[in-house]
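J.: Sharing a model that was predicted from the sequence below.
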Amino acid sequence: MYLVCGEALFDIFSDDQTDASAFKMEAVAGGSPFNVAIGIARLGGKSALLTGISYDMLGQRLAATLERENVSTKYLVRSGNRTTLSLVGIDRHGHPGYVFYGLGSADCNVHPQDLPTIGNEITGIHFGSYSLVVRPVADAVSSLLHMAGGRFVSVDPNVRLNVEPDIDIWRERLAEYAARADLLKISTEDMQALYTSASVESKVADWLDLGVRLVIVTDGSRKVSAWNRSGDVVQVEPPATDVVDTVGAGDSFQAAVLAKLAEDGKSAPKTALDALDPASLKRLLIFGVSAAGITCQRRGADLPRRNELVVDVAGA
């Protein structure tokens with residue numbers, strides 16, 4: 001089972017009316033780690049979410065959604081703090097922009113002493129997004145990183161500079177996680193935000209030197225690239241997709257990669273990672289981009305289920 005660590009919130013989508021004085025809104029449960037945990041479960045994997053959840057009505061809805069999606073709620077940290085809201089705007093290309101309301105809210109207000117004991121059923125831990133950098137939750141998940149032991153560790157920074165604008169904090173935290181991660185997945189958008197003067201290849205080399213065993217770099221609708229410590233470099237072209245929006249596409253890719261590693265490793269993702277050669281790595285990436293493509297055809301982070309993901313990875 002994967003333990004996914006990070007935020008849980010509601011994304012608020014507005015309609016396309018031009019009246020500046022009034023508009024309708026639609027709220028959808030989300031947050032990158034929340035989405036990843038659900039995505040793993042929808043693809044037949046086992047997952048739990050470690051996050052702060054409010055006792056308010058929105059927090060109750062988040063917890064109920066996790067239960068309905070078969071994500072374990074054993075590791076939720078309950079509090080009286082409010083639930084974070086994220087206002088989402090979609091541009092004409094389907095790309096989202098976010099404005100967050102809720103620093104000091106339940107998902108940000110988890111302290112190291114609040115962490116539950118991690119059970120032996122947890123074989124992999126995934127970390128991501130602004131929970132890496134916003135205190136006190138950043139200190140809590142950092143302490144968990146250092147207690148991971150021999151468990152599989154993955155990280156996706158999913159950078160949100162409008163939550164924490166200090167790029168140096170993001171860089172420091174990501175370096176900390178890279179030193180202990182087996183898998184690091186990052187978008188070119190995040191790379192450009194954090195490392196404006198460095199090439200993708202040089203940063204990948206740095207992370208591999210730190211000990212990361214597999215680095216995956218996504219680039220929107222362009223090729224996904226992966227590097228491992230054996231010197232293999234594999235690229236996959238995402239399928240052509242009629243895009244509604246790209247909300248949750250990266251989360252869907254991440255969930256699919258994690259679910260496939262657990263599936264191939266018979267619930268032990270490290271075993272599958274050990275067995276990756278160029279052919280199996282290509283199949284892994286195809287599985288990920290296929291899942292992301294389905295999500296892009298829907299509004300919001302509506303990640304695919306296993307029976308929807310019919311893709312010929314065997315012949316790749």
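T.: Looks like it came in fine.
J.: which residues of this protein fall in strands?
T.: Listed in chain order, the strands of the chain (DSSP state E) span 2-5, 9-14, 25-30, 47-50, 52-54, 77-79, 84-90, 96-101, 124-128, 152-156, 183-187, 214-219, 222-228, 233-236.
J.: Let me have these in TSV, extended by mean pLDDT, mean neighbour count and distance to A268.
T.: Every C-beta, even on glycine, is put in place using the N, C-alpha and C of the backbone. Shown next, in TSV, are the strands of the chain (pLDDT from 0 to 100; neighbours: other Cβ atoms under 10 Å; distance: least, Cβ to Cβ, whole Å):
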stretch	mean pLDDT	mean neighbour count	distance to A268
strand 2-5	98	28	11
strand 9-14	83	20	31
strand 25-30	84	17	29
strand 47-50	98	28	15
strand 52-54	97	25	29
strand 77-79	96	17	27
strand 84-90	77	19	33
strand 96-101	71	14	35
strand 124-128	97	27	9
strand 152-156	98	26	8
strand 183-187	97	24	14
strand 214-219	96	22	15
strand 222-228	95	19	18
strand 233-236	96	16	22
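J.: Which strand residues bridge the nearest residue to Y75 once chain neighbours are set aside?
T.: Sequence neighbours aside, L50 is the residue nearest to Y75 in space, at 4.1 Å (criterion: Cβ to Cβ, 6 or more residues apart in numbering). Under DSSP bridges, the beta-bridge partners of L50 are C5.
J.: start to end distance for stretch 228-237?
T.: 18 Å (Cα to Cα, to the nearest Å).
J.: residue contacts, the residue nearest to Y75?
T.: By Cβ atoms under 8 Å, 6 or more residues apart in numbering, the contact list for L50 reads L3, V4, C5, G6, Y75, L76, V77, L115, P116, V141, L144.
J.: measure the third one to V244 for me?
T.: According to Cβ to Cβ, to the nearest Å, C5 stands 29 Å off from V244.
J.: Output the lowest mean pLDDT helix or strand found in this protein.
T.: When the helices and strands of the chain are compared on mean pLDDT, DSSP states H and E, strand 96-101 comes out lowest with a mean of 71.
J.: quick one on the thing from earlier: how about the strands of the chain in TSV, adding distance to A175?
T.: Below are these laid out as TSV (distance: least, Cβ to Cβ, whole Å):
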stretch	distance to A175
strand 2-5	18
strand 9-14	26
strand 25-30	27
strand 47-50	22
strand 52-54	25
strand 77-79	26
strand 84-90	26
strand 96-101	24
strand 124-128	13
strand 152-156	11
strand 183-187	11
strand 214-219	14
strand 222-228	17
strand 233-236	22
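J.: My read is that D245 contacts A301, right?
T.: No - assessed by Cβ atoms under 8 Å, D245 is found out of contact with A301, at 9.4 Å.
J.: Hmm, L103 is touching R160, no?
T.: No - applying Cβ under 8 Å, one finds L103 not in contact with R160, separated by 11.3 Å.
J.: ok, the two, which is more surrounded?
T.: R160 (21 against 13; other Cβ atoms under 10 Å).
J.: excluding its backbone neighbours, what's nearest the more buried one?
T.: Y130 (4.8 Å).
J.: residues contacting the one you found?
T.: G6, E7, F100, C108, N158, R160, V163, E164.
J.: Name the single longest helix found in this structure.
T.: helix 278-296 (DSSP state H).
J.: how many neighbours does R173 have?
T.: Neighbours of R173 using other Cβ under 10 Å come to 21.
J.: For it, give me its contacts.
T.: L132, V133, A138, S142, P157.
J.: Just put those in TSV and tack on neighbour count.
T.: Listed next are the contacts of R173 as TSV, based on neighbours: other Cβ atoms under 10 Å:
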residue	neighbour count
L132	28
V133	23
A138	19
S142	19
P157	26
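J.: Widest-spaced pair of those residues?
T.: S142 and P157 (13.5 Å; Cβ to Cβ).
J.: intersection of neighbour lists for those two?
T.: L132, R173.
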